[in-house]
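Colleague: Structure for this input, please:
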Amino acid sequence: SAAPRAPRPKPRLGHNTPMLVLYGSNLGSAEELATRMADLAEVNGFNTKLGPLDDYVGKLPKEGGVLIICASYNGAPPDNATEFVKWLGSDLPKDAFAGVRYAVFGCGNSDWAATYQSVPRFIDEQLTARGARAVYPRGEGDARADLDGQFQKWFPAAAQVATKEFGIDWNFTRTPEDEPLYAVEPVAPASVNAIVAQGGAVAMKVLENAELQNKSGANPSERSTRHIEVQLPPGITYRVGDHLSVVPRNDPTLVDQVARRFGFLPADQIRLQVTEGRRAQLPVGDAISIGRLLTEFVELQQVATRKQIQVMAEHTRCPMTKPKLLAYVGDDDASGERYRGEVMDKRKSVFDLLEEHPACELPFHIYLEMLSLLAPRYYSISSSPSGDPARCSVTVGVVEAPANSGRGIYKGICSNYLSGRRVGDTIHATVRETKAGFRLPDDASVPLIMIGPGTGLAPFRGFLQERAHRKSQGANLGPAMLFFGCRHPDQDFIYADELKAFAADGVTELHIAFSRLNGSKTYVQDLIAAQKNRVWDLIGKGAIIYVCGDGSKMEPDVKATLMSIHREHNGDDAGAATRWIEDLGAKNRYVLDVWAGG
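Modeller: Sure thing, here's the model as predicted:
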């Protein structure tokens, strides 16, 4: 949920070539890149417009250029690009986009190889097929690798070709004479104007916050999973399968450390002023405390990009420190490997690098310009509205472990924020409708196969509550199998009594994999293989397969197991099995709610 933006300033004088920058983004990466590029285009004299793809259904301009930056989510378009993609796939004339000049950059994650870059690729293909002209080949950014670095290689080349296309001589590079985006003015303490949460987030009261893992006894768990229930305000409704989009807050200890690194106390009041001709995403013009700015508005723990490290080096005079920073940003392979090994893999943020290199003199206003807006975090709702439509729950795995950077403990921003909320506290959140087919079928007799280890169980708890409600209303339930995995029955078998009760009442069959019991390691895919005949029987009867949880290892292992079952029963080769699982996905019979592991 974005912070309020400053009123759009007057564009700088220039050639005023129209440039429309469009984005499709749920998690903020594509939107942030698009915003940066719109800003850069405007600085370089373009007359720019910026917006989500869905705002331009039916009205792509033929004047100037169109830059599209779009993500894919398990092969589905982002929420704010759904209508645009549907429009492109409709029965449009072959020359519908004649005269449109465009470039596309896709954001994806190669962990999901089958659907990697599928939405940007579709947009590119459909535009070309209907008469538009790509001024530069489509670019691909992989969140599994160095997405920002890949974009920084693609965009200058694309911009160079595009400016020749438009007959102008602008090179899209910042010069040292460019003014920084923000000016920071310390001010005396004053009343801070309220900043309304954007993106539809509203205040929700915490009704319950309970630990689900067993913290006592002879074999206590060292990890934490929280069951958190909130009161939904009037007008906010949900269905099973939906997500709760939560606006997080940064950890107070980290905020204090960052503030002090730049010579502030969290209580110090400042006022941000924005440079003319630039877009600002942080609150400008009003007094705000350093603590609130760092707590509520910016990402402090994102991995530093090579471009950010370059800026750090530019603000470093120390002859010992500067070469260490520059060693990450060279064009040679060794620099890239060094960056991946020392920064990306260890998930070091700009602040981590500032702590490692105290001689770096990065000013606070430049640091602010580097930071992304604090993005909402999505949690699968783990309840059904059939019980009480005015409250819903989420099941939150609290992320807290030794930091890969080697500096102390890494704490997940939102999971720790939610873990620390007390009953009666207020959070800001909103319900996000799932758009990837992750729904219970209207027909209660359709067989279900649900696969969700760990907190991947969350949506299926809602599914089972809904099935129990339908059964109580006289519905004829079809068979259902739930495959749940955890470490040990004495530690993290969350919602155990409730799940056993569902099984006893015939709401589902229950199959539990324990990965740390008696020295054996059993995972959900092992149980699926053990139940292969039952699984195949339900698939043959039209079962929908749902998978929720880790998408980097668990889901591929589950998919491979299902494909193996298909090959065993049909005698097909690997290619046929792949086409079979892809066909199930296309028919919304193999549906995913997964996230990148690690």
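Colleague: hmm, who's touching the longest strand belonging to the chain?
Modeller: Longest strand of the chain, by residue count under DSSP state E: strand 202-211. For strand 202-211, the surrounding residues in contact (CB atoms under 8 Å, 6 or more residues apart in numbering) are 224-233, 236, 391, 393, 418-419, 421-430. Glycine gets a C-beta too; all of them are placed from N, C-alpha and C.
Colleague: Stretch 405-412 too?
Modeller: 251, 254, 301, 346-349, 352, 355, 398-404.
Colleague: rewinding a little: quick one: strands adjacent to the helix or strand that the longest strand of the chain is followed by?
Modeller: Note on strand 202-211: by DSSP states H and E, the next helix or strand toward the C-terminus is strand 225-231. According to DSSP bridges, strand 225-231 forms sheet pairs with strand 202-211 (antiparallel), strand 391-397 (antiparallel).
Colleague: buried stuff in strand 225-231?
Modeller: Neighbour counts over strand 225-231 (16 or more other CB atoms under 10 Å) mark 225-230 as buried.
Colleague: So, low pLDDT: which residues of this protein?
Modeller: Scanning the chain with the threshold set as pLDDT under 70 gives 1-14, 113, 169-199, 277, 436, 596-598.
Colleague: picking that back up, buried ones in the longest strand of the chain?
Modeller: Buried, per 16+ other CB under 10 Å, within strand 202-211: 202, 204-207, 209.
Colleague: before we move on, the earlier item: make JSON lines from the strands paired with strand 225-231 and add distance to residue 372 to it.
Modeller: Shown next, in JSON lines, are those (distance: least, CB to CB, whole Å):
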{"stretch": "strand 202-211", "distance to residue 372": "23"}
{"stretch": "strand 391-397", "distance to residue 372": "22"}
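Colleague: Packing partners of the longest helix belonging to the chain?
Modeller: The helix that spans the most residues within the chain, counting by DSSP state H, is helix 147-165. Using 3 or more CB pairs under 8 Å, 6 or more residues apart in numbering; DSSP states H and E, the elements in contact with helix 147-165 are helix 29-43, strand 101-108, strand 139-142, helix 306-314.
Colleague: what about 10 Å?
Modeller: With contacts taken as 3 or more CB pairs under 10 Å, 6 or more residues apart in numbering; DSSP states H and E, helix 147-165 sits against helix 29-43, strand 65-71, strand 101-108, strand 139-142, helix 306-314.
Colleague: And residue 428, its phi and psi?
Modeller: The phi and psi values for residue 428, taken as degrees, to the nearest 10, are phi -110, psi 130.
Colleague: Run through the bridge partners of it.
Modeller: residue 203.
Colleague: Against residue 163, how distant is the nearest residue to residue 457 once chain neighbours are set aside?
Modeller: Counting by CB to CB, 6 or more residues apart in numbering, residue 457 lies nearest to residue 484, which is 5.4 Å off, once chain neighbours are set aside. Using CB to CB, to the nearest Å, residue 484 is found at 55 Å from residue 163.
Colleague: more neighbours, those two?
Modeller: A direct count of neighbours by other CB atoms under 10 Å for residue 484 and residue 163 places residue 484 higher, at 26 against 20.
Colleague: buried sites along stretch 530-541?
Modeller: For stretch 530-541, the neighbour count (16+ other CB under 10 Å) marks 531-532, 535-536, 538-539 as buried.
Colleague: oh, I was asking about stretch 309-316
Modeller: So for stretch 309-316, counting by 16+ other CB under 10 Å, buried means 309, 311-313, 316.
Colleague: for stretch 506-521, same thing?
Modeller: Going by neighbour count (16+ other CB under 10 Å), the buried part of stretch 506-521 is 507-517.
Colleague: Same list (those) but as JSON lines, adding distance to residue 156.
Modeller: Listed next are these as JSON lines, based on distance: CB to CB, whole Å:
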{"residue": "507", "distance to residue 156": "57"}
{"residue": "508", "distance to residue 156": "54"}
{"residue": "509", "distance to residue 156": "56"}
{"residue": "510", "distance to residue 156": "55"}
{"residue": "511", "distance to residue 156": "53"}
{"residue": "512", "distance to residue 156": "53"}
{"residue": "513", "distance to residue 156": "49"}
{"residue": "514", "distance to residue 156": "52"}
{"residue": "515", "distance to residue 156": "47"}
{"residue": "516", "distance to residue 156": "50"}
{"residue": "517", "distance to residue 156": "54"}
